[in-house]
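Engineer: need a structure here:
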Amino acid sequence: MNSTSRVAGRDDRITLRFMSTPADTAAGGRSVAAGSVMEWIDKAGYACAVGWAGAYCVTAYVGNVRHRRAITPGCLIEVEARLVHTGRTSMHVVVTVSSAEVADRVYTPATTCILIFVAKGADGRPAEVPAWTPVSRSDHKLAAAAVERIDSRAQIKQFMLADDAVVAGTAPATALRFLVPPGVVNWGGKAHGGTVMRWIDEAAYACTVAWAAELGDAAADAVAVYSGGIHFFAPVRIGDLVEVEARIVHTSRHSVHLSIRVSTADPRTPHDLTLTTQCMSVFVVPDAAGVAAALPQWTPADEVDTRRHELALEIIALREHIVPIPASLTLEP
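Structural biologist: You can find the predicted model right below:
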């Protein structure tokens with residue numbers, strides 16, 4: 001940690017190390033599930049944010065989670081989180097996930113992304129956080145990268161919210177419905193952001209596998225290569241009825257793009273849903289050689305799906321202009 005960036009003895013970095021478990025493995029069995037990786041990202045980012053703020057925090061946004069390579073089940077995992085920008089009540093944290101084989105213990109980066117957390121006071125309202133000042137070369141570059149993404153993030157959010165989910169459309173979709181169990185809540189009595197991201201990955205996986213069913217057993221090996229624009233609008237509380245809907249909005253020759261919405265309701269009024277989280281994910285189905293297989297192509301069949309497809313293309317175009325943050329930079333002192 002840079003001593004000159006110290007505020008009241010608070011660390012601006014944290015590193016978690018552990019071994020992946022069988023429960024972290026994707027349904028196909030060939031790699032760690034993207035949902036598990038996103039849980040790790042949120043856990044490290046949350047610990048970093050809370051350590052800096054000295055207060056309870058909530059996940060507000062997770063952006064551009066690019067799964068550059070698969071993580072082999074049973075690997076050693078290292079998750080490094082560092083503060084890169086602060087607002088009045090918010091903290092931008094960049095997280096890098098690396099893995100290593102047990103035999104050689106050489107860690108190789110697999111995923112890097114930025115998360116935004118908001119500090120909360122005892123009254124549940126946003127609370128001010130200590131200002132963080134960049135000191136090192138990597139601090140300055142990462143701080144600039146965080147600020148540069150603010151406008152693009154706002155535009156992506158605007159496009160995503162333009163989707164009127166009340167009108168179903170005819171695109172292939174999968175919905176999971178269940179009650180929030182006590183085991184997934186944090187100290188604030190709400191579901192961890194990482195847990196919600198795991199639900200998102202599971203719904204997107206189920207929708208992709210159903211769409212790619214003509215590939216036979218290979219469809220079960222579908223993996224996420226991107227999850228982005230994950231906006232958290234409202235908390236998910238213990239006992240809530242949760243609906244996680246994944247819907248296809250675009251296909252390329254080798255990938256499926258899905259819009260995922262997480263909504264909650266009181267079990268007594270199950271149709272009175274409130275949107276809590278929204279994002280887009282991209283899945284591929286690797287063949288035996290690890291190369292993305294050709295997939296069935298989807299074409300919008302009505303006005304609603306055509307509009308959703310157009311919004312998806314707008315988001316994809318915006319996303320392509322966001323330069324990925326190099327893992328080598330995030331791991332610099």
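Engineer: Next, count neighbours for the closest residue to residue 224 other than its chain neighbours.
Structural biologist: Leaving aside its chain neighbours, residue 224 sits nearest to residue 34 (3.6 Å; criterion: Cβ to Cβ, 6 or more residues apart in numbering). Any C-beta I mention is one placed from the backbone N, CA and C, and that applies to glycine too. Counted with other Cβ atoms under 10 Å, residues neighbouring residue 34 total 28.
Engineer: how about residue 34, what does it touch?
Structural biologist: 26, 65, 67, 201, 223, 224, 227, 281 (Cβ atoms under 8 Å, 6 or more residues apart in numbering).
Engineer: Surely the third one is in contact with residue 225?
Structural biologist: Going back to what we said before, that points to residue 67. Yes - taking Cβ atoms under 8 Å as the definition, residue 67 is a contact partner of residue 225 at 5.2 Å.
Engineer: who has more neighbours, the two?
Structural biologist: Taking neighbours as other Cβ under 10 Å, residue 67 and residue 225 compare with residue 67 leading, 22 against 19.
Engineer: per-residue confidence for that one?
Structural biologist: Note for residue 67: predicted pLDDT of 91.
Engineer: repeat for the one 10 residues further on
Structural biologist: We note a pLDDT of 98 for residue 77 in this prediction.
Engineer: who does the host helix or strand of it pair up with?
Structural biologist: Applying DSSP states H and E as the criterion places residue 77 in strand 76-86. With DSSP bridges as the criterion, the sheet partners recorded for strand 76-86 are strand 13-19 (antiparallel), strand 90-100 (antiparallel).
Engineer: And the first one, how far out from the chain middle?
Structural biologist: Centroid separation for strand 13-19 versus its chain: 18 Å, with Cα atoms, centre = their mean, to the nearest Å.
Engineer: in that strand, what counts as buried?
Structural biologist: 13, 14, 16 (16 or more other Cβ atoms under 10 Å).
Engineer: tell me the angle the helix with the most length in the chain makes with strand 76-86.
Structural biologist: Identified as the longest helix of the chain according to DSSP state H is helix 137-161. For helix 137-161 against strand 76-86, the angle by axes from the mean of the first three to the mean of the last three Cα atoms, to 10 degrees is 90 degrees.
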